[in-house]
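*Asks:* Sequence and predicted structure are below.
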Amino acid sequence: MQIEWLLENAAPVIRYRTQTELMNIDDKKLLQEDMTALVELPQTQKRLTLLRNLDYNRTHGSPANYLENVLPMLNDFGLYYGMDVFNQETKSISEISKIVLDENYDKITAYPFLLRSKFPINGLLDFTIERINAIYDFTRHMDFDIYDDKKKYKDVPINFQDRPIIKPEIDSKLPMIYDIVAMEAVYNCVSVETQVKIDNIIAYIIAPDYDVVQSMYGIRYAAPRKYYNKGWACKKPFNDTQNYSNQNLHRLLLYSSFPTVVKSKWFQNVLDYLTQYKTQNGTYLFLKEYLPEADGNWVSGVRMSLAENKRTKQWSEIESTFYMLKLLSCTE
């Protein structure tokens, strides 16, 4: 009933994604009408323009024209490398490969989105598996004692003195949210051995003991009088249902891709919590705080719009219902 309601009421993005992701339709002829309508949307054209003008060296930042935002924003509209409409707006794979395979390239924040967007570039997967191995080497011990004794550091800048200091020996092995995006992208195309390692990493970040970790992790020691922020910890969302800032639906959707999450009591509790937003008609209507659309890094969960018409009364109900069905589909 909910799927039929979405097909009748949603705009092209959700209609298309409902068919491809919830109904598993892959017949291009059946999907052509909605794909054409999707591509013609002003919001899609704007994102395709960002792709056309994308500087692949501009990887990490909050503006919409940075790689870490351009690519997943197109994925959110159901568009990936391999589709004509996507490919015709990109540089050639050889040109992109020359940029992104450079040894100084920002691999940790860029590779997850190249993988997620299905760019066929040799080297992306190998780097990601190496990264998984390094993180697993730490998380397999389920050691949550990640902060060092601040008394050992006498030269911490004043603006950092209220922040915890990460133990230098584990700094590079702590999982970041970018790593979770990468793992989600490769989970179904790696060996069982690597899947087990990913499962362990996910178990680490959803463990209760990880909750004490700060969202921005802390500061990292680089050299005498040189310290840097280390951010983008993997705090699980909806851990505190009274705190709206913790209710990051975007992150919940990302985490729901992993079997370890879906099987967890925490995830089941969150699904139970979200049922309060079910309407009498069987659709869902979340708080609008769950569906933000603002400038910022895609991974922070502020770019949730799926091109529904905000002038209509149903837009949030449509997006809420689609997102809830996505979460529920992970449990089937």
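*Replies:* Yep, that arrived. Numbers count the residues shown, from 1 in each chain.

*Asks:* buried sites along the helix or strand where Y323 lies?
*Replies:* According to DSSP states H and E, Y323 maps onto helix 315-329. Neighbour counts over helix 315-329 (16 or more other Cβ atoms under 10 Å) mark 315-328 as buried. C-beta here means a position set from N, CA and C on the backbone, and glycine is covered the same way.

*Asks:* for stretch 288-298, same thing?
*Replies:* Y290, L291, P292, G296, N297, W298.

*Asks:* what do you get for stretch 12-28?
*Replies:* For stretch 12-28, a neighbour-count test (16+ other Cβ under 10 Å) marks P12, V13, I14, R15, Y16, R17, T18, Q19, L22 as buried.

*Asks:* Please apply the same query to stretch 112-127.
*Replies:* Quick answer for stretch 112-127 (16+ other Cβ under 10 Å): P112, F113, L114, L115, R116, S117, F119, I121, L124, L125, F127.

*Asks:* Present these as CSV; the columns should include secondary structure.
*Replies:* Below are those laid out as CSV (DSSP: H, G, I helix; E, B strand; the rest coil):
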residue, secondary structure
P112, helix
F113, helix
L114, helix
L115, helix
R116, helix
S117, coil
F119, coil
I121, coil
L124, helix
L125, helix
F127, helix
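
*Asks:* Turn those residues into CSV, including distance to P72 and pLDDT.
*Replies:* As requested, those are exported to CSV (distance: Cβ to Cβ, whole Å; pLDDT from 0 to 100):
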residue, distance to P72, pLDDT
P112, 9, 98
F113, 6, 98
L114, 11, 98
L115, 11, 98
R116, 6, 98
S117, 8, 98
F119, 13, 98
I121, 17, 97
L124, 15, 98
L125, 18, 98
F127, 19, 98
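
*Asks:* can you tell me which residues contact the nearest residue to Q247 once chain neighbours are set aside?
*Replies:* Spatial nearest neighbour of Q247, chain neighbours left out: F238 (5.6 Å); criterion: Cβ to Cβ, 6 or more residues apart in numbering. Each residue near F238 by Cβ atoms under 8 Å, 6 or more residues apart in numbering is listed here: N246, Q247, N248, L252, V270, Y273.

*Asks:* And Y277, by the same measure?
*Replies:* By Cβ under 8 Å, 6+ apart, the contact set of Y277 is Y284, L285, F286, L287, S320, M324.

*Asks:* Give me the spatial nearest neighbour of K278, chain neighbours excluded.
*Replies:* Nearest residue to K278, sequence neighbours excluded (Cβ to Cβ, 6+ apart): Y284, at 5.6 Å.

*Asks:* I'd assumed S320 was in contact with the one you found.
*Replies:* Yes: between Y284 and S320 there is a contact under Cβ atoms under 8 Å: 4.3 Å.

*Asks:* what packs against the strand or helix carrying Q32?
*Replies:* Per DSSP H and E: Q32 is located in helix 28-40. Under the contact criterion of 3 or more Cβ pairs under 8 Å, 6 or more residues apart in numbering; DSSP states H and E, helix 28-40 touches helix 12-17, helix 42-52.

*Asks:* who touches the first one?
*Replies:* In this case it means helix 12-17. Outside helix 12-17, the residues that touch it by Cβ under 8 Å, 6+ apart are 6-7, 31, 34-35, 37-38, 41, 44, 76-78, 306-308, 318-319, 322.

*Asks:* Narrow those residues to those that are buried.
*Replies:* Using 16+ other Cβ under 10 Å, the buried ones in those are 6, 31, 34-35, 38, 44, 76-78, 306-308, 318-319, 322.

*Asks:* What distance do you get for L306 to D55?
*Replies:* Per Cβ to Cβ, to the nearest Å, L306 is found 26 Å from D55.

*Asks:* Much appreciated, bye for now.
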